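*Asks:* Structure for this input, please:
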Amino acid sequence: MAKLQVHQFPALSDNYGFLIHDAEAGVTASIDAPEEGAVQQALADTGWSLTHILTTHHHADHTQANAPLKAATGCMIVGPKPEASKVPGIDLALGEGETFDFGGHIAQVLETPGHTLGHIVYHFADDGICFAGDTLFPLGCGRVFEGTMDQMWSSMEKMAALPPETVVYSAHEYTQANAAFAVTAEPDNAALKARAAEIEKLRANGTPTVPTTMALEMETNPFIRAGSAARFAEVRTAKDNF
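*Replies:* From the prediction side, this is the model:
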């Protein structure tokens, strides 16, 4: 079976949208639905027809286009079981350890609470990709809005357990700001300094810093490298006040 095709596109002010597609199965999913116009443009650009929306969490910048896209395409909306009541148009609610068969590509669902209480990520192990929503960012992690620091640290540990070669798609372009903080959290991390310099060049050219890999995050991301819930809480609090 051919690997899933991934089409990444900008949406809203700093979101990324993603379409995933399997031509043989004739399926196309939008990972979250940040903005109807941006998703429709991406569909037009690729020539793909939307069949699914895979929702990571209930925040409006991830779900506000659910209803109009479903009305336009009849797509099936999948989302997190713990916050199903907050996801517009949801048809199938999934939780920890459950899987979703997307045209023969199996998405493993991991619950990663912290940013929201019911946040999930979709790990397509055979395709080597993970859609992390607002749980993990290049050199960062989501703000802890609804959950606890302990929950978010557990979610970091869950992400860290993914294979190092996993390509991680995050939902926002936050990397430049994350890098500015990260070098203060780990001033002696040479790999981090080199990466921060590279990110400056990428952003100066308008180049996306998403996706990343788990290996790169394990080497340079101070949140996933924290080592304990207590240290994670210190780092996350410092970033909130940075």
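*Asks:* Helices of the protein, residue ranges please.
*Replies:* Under the criterion DSSP state H, helices of the chain are mapped to 36-46, 60-63, 66-73, 149-160, 175-185, 190-204, 214-220, 229-240.
*Asks:* Make TSV out of these and add mean neighbour count.
*Replies:* For every residue, glycine as well, the C-beta is placed using N, CA and C. Shown next, in TSV, are the helices of the chain (neighbours: other C-beta atoms under 10 Å):
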stretch	mean neighbour count
helix 36-46	16
helix 60-63	20
helix 66-73	17
helix 149-160	20
helix 175-185	19
helix 190-204	14
helix 214-220	19
helix 229-240	17
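*Asks:* tell me the phi and psi of I90?
*Replies:* Phi and psi for I90, reported as degrees, to the nearest 10, are phi -60, psi 140.
*Asks:* Any idea how many residues pack against it?
*Replies:* I90 has 23 neighbouring residues, counting by other C-beta atoms under 10 Å.
*Asks:* What count of nearby residues applies to I53?
*Replies:* Applying other C-beta under 10 Å, we find 28 residues neighbouring I53.
*Asks:* could we number from 22 for the rest of this?
*Replies:* Shifting the count to begin at 22 puts that one at I74.
*Asks:* Check the spacing between it and L40 real quick.
*Replies:* 10 Å (C-beta to C-beta, to the nearest Å).
*Asks:* re earlier: out of the helices of the chain, which gets nearest to H144?
*Replies:* helix 170-181 (9.3 Å; C-beta to C-beta).
*Asks:* Show the average pLDDT along that closest one.
*Replies:* Across helix 170-181, pLDDT averages out at 98.
*Asks:* What of stretch 86-98?
*Replies:* 98.
*Asks:* What are the contacting residues of it?
*Replies:* Counting contacts by C-beta atoms under 8 Å, 6 or more residues apart in numbering, the residues outside stretch 86-98 that touch it are 51, 54-57, 60-61, 70-74, 76, 108-113.
*Asks:* Return the members of the residues you listed classed as buried.
*Replies:* Neighbour-count burial (16 or more other C-beta atoms under 10 Å) is assigned, among the contacts of stretch 86-98, to 51, 54-57, 60-61, 71-74, 76, 108-111.
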